[in-house]
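**Student:** sequence below, structure please.
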Amino acid sequence: YNDYSQKIGEMVNGVVKRFEGPDMIVDIGKTEALLPLREQSRAETYKQGERVRAVIVKVLQSSKGPQVILSRIDQQILLRLFEMEIPEIYDGNIVVKNAVHEPGDRAKVAVASTDRDVDPVGACVGMKGSRINSIIRELRGEKIDIVQWSDDPTSYASNALNPAKISKVLIIDPIEKRMEV
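**Tutor:** As a prediction, this is how the structure comes out:
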């Protein structure tokens, strides 16, 4: 229990052992973990013996030992994949400011650079899309938009809605973060 409770939010590699109804049992080394149906993307299907990457979201104490709960739809999986594939994020030259993930469909990731010589969007995409394509493959074809972060809400909103042409942005309620575009 103590080994895995420290690892909540970390990505683990495992092998699909068996299925218990719609839930998957994954061998992650020292123990078996549960990947429930609610934590699986609807766009993904796995077979027994196939490799799977997932994020540890919960560790429960049970009479049979620790019960590790995994997720393929948690926002953390997106952040961990970005850290693995993009060295500038791992090094701290690029910071992921926000990430929104609609599993199996699309994701939007807002990035900013701590070094003004580094283009955060270009570094995340990579040469001919090489870096982002490996993340897309891991998420089984999910569309990922990389957005330039801005402290100004109006420019951030227009960046997030690219390639649509924004004529104006009205901030309706800054406390509830509501705006009209």
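**Student:** center of the protein - which residue?
**Tutor:** The centre of the chain sits closest to residue 78, judged by Cα atoms, centre = their mean, with a distance of 1.4 Å.
**Student:** tell me how far it lies from residue 31.
**Tutor:** As judged by Cβ to Cβ, to the nearest Å, residue 78 and residue 31 stand 25 Å apart. Heads up, the C-betas are built off the backbone N, CA and C, glycines and all.
**Student:** show me where the chain has its strands.
**Tutor:** Here the chain has its strands, by DSSP state E, at 11-20, 23-27, 32-35, 51-62, 65-71, 94-102, 106-113, 143-148, 170-173, 178-180.
**Student:** pLDDT value on the residue lying closest to residue 160 once chain neighbours are set aside, please?
**Tutor:** Counting by Cβ to Cβ, 6 or more residues apart in numbering, residue 160 lies nearest to residue 147, which is 5.0 Å off, once chain neighbours are set aside. For residue 147, the pLDDT comes out at 92.
**Student:** so who does residue 147 touch?
**Tutor:** Contact analysis of residue 147 by Cβ atoms under 8 Å, 6 or more residues apart in numbering lists 108-111, 121, 156, 159-160, 162.
**Student:** about what we covered before: looking at the strands of the chain, which is closest to residue 84?
**Tutor:** Proximity to residue 84 (Cβ to Cβ) singles out strand 11-20 among the strands of the chain, at 7.6 Å.
**Student:** now do the closest one against strand 65-71, angle only.
**Tutor:** 100 degrees (axes from the mean of the first three to the mean of the last three Cα atoms, to 10 degrees).
**Student:** let's have the chain start at 45 instead
**Tutor:** Happy to do that; since the first residue is 45 now, the last one works out to strand 55-64.
**Student:** show me what strand 55-64 is packed against.
**Tutor:** Strand 55-64 is packed against strand 67-71, strand 76-79, strand 95-106, helix 119-129, with contacts defined by 3 or more Cβ pairs under 8 Å, 6 or more residues apart in numbering; DSSP states H and E.
**Student:** export those to a markdown table and tack on distance to residue 147 and mean pLDDT?
**Tutor:** A markdown table is the format used below for these (distance: least, Cβ to Cβ, whole Å; pLDDT from 0 to 100):
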| stretch | distance to residue 147 | mean pLDDT |
| --- | --- | --- |
| strand 67-71 | 15 | 91 |
| strand 76-79 | 13 | 90 |
| strand 95-106 | 12 | 88 |
| helix 119-129 | 9 | 89 |
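**Student:** same list (these) but as CSV, adding distance to residue 54.
**Tutor:** Formatted as CSV, the helices and strands packed on strand 55-64 follow (distance: least, Cβ to Cβ, whole Å):
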stretch, distance to residue 54
strand 67-71, 14
strand 76-79, 12
strand 95-106, 6
helix 119-129, 7
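**Student:** list the contacts of the residue lying farthest from the centre of the chain.
**Tutor:** Ranked by distance from the centre of the chain (Cα atoms, centre = their mean), the top residue is residue 107, with 32.0 Å. Going by Cβ under 8 Å, 6+ apart, residue 107 touches no other residue.
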